[in-house]
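Participant: what follows is a predicted protein model with its sequence.
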Amino acid sequence: MLASLIFYLFATVLVASAVMVVTARNPVHAVLFLILCFFNASGLFVLMGAEFLAFILMIVYVGAVAVLFLFVVMLLNIDFKSMRQGLRRQLPLGLGVGALLLVELAVMALHWSSDSQAFSALSTVEMVNQATNVDSTRALGRLLYTDYFYPFQVAGLILLVAMIGAIVLTLRDRKRVKRQNAAEQMDRRPEDVVEIRKVKSGEGAL
Amino acid sequence: MNVENIYATFPELFLASCALMLLLFGVKRGNDATLFTGLIAVVVCLAAGVLLIKLPSFVEPGQAQLGVSALCHGCKAFGGMFINDAFAQFVKVLLLLASAIAIMLSWGYMERHGLERPEYPALILFATLGMMLMVSANDLLALYMGLELQSLALYVLASFRRDHVRSSEAGLKYFVLGSLSSGMLLYGISLLYGYTGSTGFEALAHVLAGEPPIGVVLGLVFVCAAMAFKVSAVPFHMWTPDVYEGAPTPVTAFFAAGPKLAALALFVRVLLQPLAGLEHQWVQVVVFMAVASMLLGSFAGLAQSNIKRLMAYSSIANVGYALVGMAVANEAGVQALLVYLSIYLVNTLGVFGVILCLRREGVMAEKIADLAGLSKSHPLLAVAMGIFMFSLAGVPPLAGFFGKYFVFLAAVQAGMLPLAIIGVLTSCVAAYYYLRIIKVMYFDDATEAAVDPVPEFSLRIVTGGAALLMLLFVFMPTPVIDSALAAAHSLMPQG
């Protein structure tokens, strides 16, 4: 009873804040609503017993992604009014695609229960989880380093490529920046750089 | 960690560690070492290809002592997520060849445009690694990982000329549309997983043998759409001309060869192995995409004046022909597709080699009209381009004819006569724009100054070698055809 009450609380706030993300006029408010959205979603994950996903959602999405969004929104002076132009024109198309996806989901939901084969396969997974009786963080860790070792490693490579890409596309060597080069300083000799002139008094030097 | 895992993925491990070391070396030595890193990258690609072919014979004598059985040929690794069968090996060897040639094509270009950065060969190697993982994927998750590794490297390569507006635009367009297609792929994969309870290809094939539930069909549609994006088949082709035109020319050459081949190979494996039970559903999708690609690629190419855009439309049409082989969906079809793609790969790399040779006072000449008078100023280059164009048009003694012949033969034998007829008709239409290039080269008078001489030795080797291969294929077609047959055989359900 209490669990379902909490579920409905989280779910209502989640949906309401999701709507606000799209409709809020002020982009900073939209990002703050997005953060609220993430918090409620992680609450739902905790209710389902997936505490690791809940914390990842908090740390990665709230801690990194949403804060990055905030920075972008605040630092880049984007004119959001002009981006809203053409909304009227695009609206029917967007609604049409959305409705199509909704119909597809509905059709699939109707057919879901009749499909026993997959259901049994998925429920065995659940039973295995209950039988081993470990918390979800430990279970995920075990899976990642055993059964899913290969995709896990490839994911590491993907992140590396993303990093290389970001550096390649943005790093510029600045020619005019003066850096201290110790070797160059040591190599400097007085006879190369210093010119000694005898200046007669009263005439000045050219 | 099992020994089998290392043996099965040894070429990939080799490539990955070499790419990482190359990166370190590049960081240490800076931009001066670019030519050297490029050279090493070419050697690494070729060495990985040799490893791929020769590894079984190296390993097998020692195997008896290790007590490991049936290594490397058709063996699986990492709990069945990775498979290294004859099909994967055939495609991987071609991919490594394409990457090596793409790096060779880039040398002079990168230097002249101030792009000589050691990350370029490293990124090509990572893209190649991603493609090899795609081709060897035996699990939806492994498929997605390989695809992302490849795509991410390609997005960066497309916008590698970052101070050039067209190149940045190409990279951004490719990135946005590529992410969209990845999203669709993931949605499709999640539906397949939700309705079958598994992501492994064998398990999927087993579950989907019967009457498929509606959710699986929807998942199939999403996966097909995402794949069509990656191979640039109509109606998901719209990014191709812009990206081909905007990306630096050596990168375009790479796009037209490697990633296309890898994505098509992945497409074939996904449709013929895990989704084989849904053949009735996907054949109509593939037939539609094949017909639409052939038609659009042939007709839209007629109006192009930029040769890179023309090659983009030509690649769309060629994907259409390859999809004909896929639509046939039997051993002969896959064999025809592989033969077709290997010929197309060499052909298109040769064409881009010629395009890279065309410069006027140091600026790339990319208009078709720029080719006028090439037969007088550079007779050999004109002959090579003529061979490539005749081959793309499918004129009999050249290799391109055999590619088309096998594909249409497979279609006719499988009773898909209309598909073959459309293919022949559209290739007649496309022949117009290929032959127009030859006409411009040989019969139009040069209006501007002649194009600069070709300084790079690597360009000469690539274009000359590719032209020779196109000419001589008719005398020695058996190695390609036989290994393509073995590859196609390994893909089909045994027994």
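Facilitator: Happy to help now that I have it.

Participant: quickly note the distance from the most centrally placed residue in chain A to A:F10.
Facilitator: In chain A, the residue lying closest to the centroid (C-alpha atoms, centre = their mean) is A:V65, at 4.0 Å. Distance of A:V65 to A:F10, computed by C-beta to C-beta, to the nearest Å: 20 Å. Backbone N, C-alpha and C define where each C-beta goes, glycine included.

Participant: ditto for A:L57
Facilitator: Distance, A:L57 to A:F10, by C-beta to C-beta: 13 Å.

Participant: what sits in contact with each of the two?
Facilitator: Residues touching both A:L57 and A:F10 by C-beta atoms under 8 Å, 6 or more residues apart in numbering or on different chains: A:A41.

Participant: ok, back up a step: what distance do you get for the residue nearest to the centre of chain A to A:N40?
Facilitator: A:V65 sits 16 Å away from A:N40, going by C-beta to C-beta.

Participant: number of residues surrounding the residue of the stretch 101-250 of chain B at minimum distance from chain A?
Facilitator: Going by C-beta to the nearest C-beta, chain A is nearest to B:G197 of the stretch 101-250 of chain B, at 2.6 Å. Neighbours of B:G197 under the rule other C-beta atoms under 10 Å in any protein chain shown: 20.

Participant: go ahead and confirm it touches B:V207.
Facilitator: Yes - applying C-beta atoms under 8 Å, one finds B:G197 in contact with B:V207, separated by 7.3 Å.

Participant: name the element residue 173 belongs to?
Facilitator: Since you didn't name a chain, this refers to chain A. For A:D173, there is no helix or strand it lies in under DSSP states H and E.

Participant: not what I meant, chain B
Facilitator: Assigned by DSSP H and E, B:K173 belongs to helix B:165-196.

Participant: list the buried ones in that helix?
Facilitator: Within helix B:165-196, the residues that count as buried by 16 or more other C-beta atoms under 10 Å in any protein chain shown are B:167-171, B:173-175, B:177-178, B:181-182, B:184-189, B:191-196.

Participant: quick check: closest non-adjacent residue to residue 30.
Facilitator: No chain specified, so I'll use chain A. Leaving aside its sequence neighbours, A:A30 sits nearest to A:A24 (C-beta to C-beta, 6 or more residues apart in numbering or on different chains; 4.2 Å).

Participant: wait, I meant chain B there
Facilitator: Per C-beta to C-beta, 6+ apart, closest to B:G30 is B:P118, 7.5 Å.

Participant: list the contacts for that neighbour?
Facilitator: B:22-23, B:25-27, B:29-31, B:33-34, B:37.

Participant: next, find the distance separating B:Y7 from B:L51.
Facilitator: 11 Å.

Participant: these two: who's more crowded?
Facilitator: Set side by side, B:Y7 and B:L51 show more neighbours around B:Y7, with 22 against 17, by other C-beta under 10 Å.

Participant: that one: which element?
Facilitator: Using DSSP H and E, the element containing B:Y7 is helix B:3-8.

Participant: buried stuff in that helix?
Facilitator: Quick answer for helix B:3-8 (16+ other C-beta under 10 Å): B:4-5, B:7-8.

Participant: so where's the stretch 351-495 of chain B uncertain?
Facilitator: Along the stretch 351-495 of chain B, the model assigns pLDDT under 70 to residues B:362, B:448-455, B:494-495.

Participant: closest residue of it to chain A?
Facilitator: Relative to chain A, the nearest point of the stretch 351-495 of chain B is B:P493 (19.8 Å; C-beta to the nearest C-beta).

Participant: count of residues packed around that residue?
Facilitator: Neighbourhood size, B:P493 [other C-beta under 10 Å]: 8.

Participant: one more: B:V234?
Facilitator: Count around B:V234 with other C-beta under 10 Å applied: 24.

Participant: now the closest residue to it other than its chain neighbours: which helix or strand?
Facilitator: Using C-beta to C-beta, 6+ apart and skipping the chain neighbours, the partner closest in space to B:V234 is B:A292 (3.8 Å). Secondary structure from DSSP H and E places B:A292 in helix B:279-301.

Participant: now that helix: average pLDDT?
Facilitator: Across helix B:279-301, the average pLDDT comes to 89.

Participant: which positions in that helix come out as buried?
Facilitator: Neighbour-count burial for helix B:279-301 flags B:282-283, B:285-287, B:289-301 (criterion: 16+ other C-beta under 10 Å).

Participant: and stretch B:147-157, by the same measure?
Facilitator: For stretch B:147-157, by 16+ other C-beta under 10 Å, it's B:147-157.

Participant: what about the helices in the stretch 251-400 of chain B?
Facilitator: Counting by DSSP state H, counting those that start in this stretch, the stretch 251-400 of chain B has helices at residues B:279-301, B:307-328, B:331-357, B:374-377, B:379-393, B:399-413.

Participant: with distance to B:F90 as extra columns, can I get those helices in JSON lines?
Facilitator: Shown next, in JSON lines, are these (distance: least, C-beta to C-beta, whole Å):
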{"stretch": "helix B:279-301", "distance to B:F90": "21"}
{"stretch": "helix B:307-328", "distance to B:F90": "14"}
{"stretch": "helix B:331-357", "distance to B:F90": "6"}
{"stretch": "helix B:374-377", "distance to B:F90": "35"}
{"stretch": "helix B:379-393", "distance to B:F90": "21"}
{"stretch": "helix B:399-413", "distance to B:F90": "15"}
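
Participant: can you give me the angle the host helix or strand of B:Q150 makes with helix B:165-196?
Facilitator: If you go by DSSP H and E, B:Q150 is part of helix B:140-158. Orientation note: helix B:140-158 sits at an angle of 170 degrees relative to helix B:165-196 (axes from the mean of the first three to the mean of the last three C-alpha atoms, to 10 degrees).

Participant: is helix B:140-158 positioned near chain A?
Facilitator: Yes - remark: helix B:140-158 sits within contact range of chain A at B:141-142, B:145-146, B:148-149, B:152-153, B:155-156, by C-beta under 8 Å from any C-beta of the partner chain.

Participant: do the same with stretch B:177-186
Facilitator: No - using C-beta under 8 Å from any C-beta, stretch B:177-186 never reaches chain A; the gap is at least 11.4 Å.

Participant: quick one: distance of that stretch to the chain centre.
Facilitator: Here stretch B:177-186 shows a centroid-to-chain-centroid distance of 19 Å under the convention C-alpha atoms, centre = their mean, to the nearest Å.

Participant: could you do stretch B:31-47 as well?
Facilitator: 21 Å.

Participant: mind listing residues that contact it?
Facilitator: Under the contact criterion C-beta under 8 Å, 6+ apart, stretch B:31-47 has outside partners B:14-15, B:18-19, B:22, B:25-26, B:29, B:96-97, B:99-100, B:103-104, B:106-107, B:110-111, B:116-118, B:120-122, B:124-125, B:128.

Participant: list the buried residues for it?
Facilitator: Neighbour-count burial for stretch B:31-47, counted by 16+ other C-beta under 10 Å, picks out B:33-34, B:37-42, B:44-45, B:47.

Participant: turn the residues you listed into JSON lines, columns for secondary structure and pLDDT.
Facilitator: Below are those laid out as JSON lines (DSSP: H, G, I helix; E, B strand; the rest coil; pLDDT from 0 to 100):
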{"residue": "B:A33", "secondary structure": "helix", "pLDDT": "76"}
{"residue": "B:T34", "secondary structure": "helix", "pLDDT": "77"}
{"residue": "B:T37", "secondary structure": "helix", "pLDDT": "84"}
{"residue": "B:G38", "secondary structure": "helix", "pLDDT": "86"}
{"residue": "B:L39", "secondary structure": "helix", "pLDDT": "87"}
{"residue": "B:I40", "secondary structure": "helix", "pLDDT": "88"}
{"residue": "B:A41", "secondary structure": "helix", "pLDDT": "89"}
{"residue": "B:V42", "secondary structure": "helix", "pLDDT": "89"}
{"residue": "B:V44", "secondary structure": "helix", "pLDDT": "90"}
{"residue": "B:C45", "secondary structure": "helix", "pLDDT": "90"}
{"residue": "B:A47", "secondary structure": "helix", "pLDDT": "89"}
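
Participant: tell me which helix or strand A:I35 sits in.
Facilitator: Counting by DSSP H and E, A:I35 is found in helix A:27-47.
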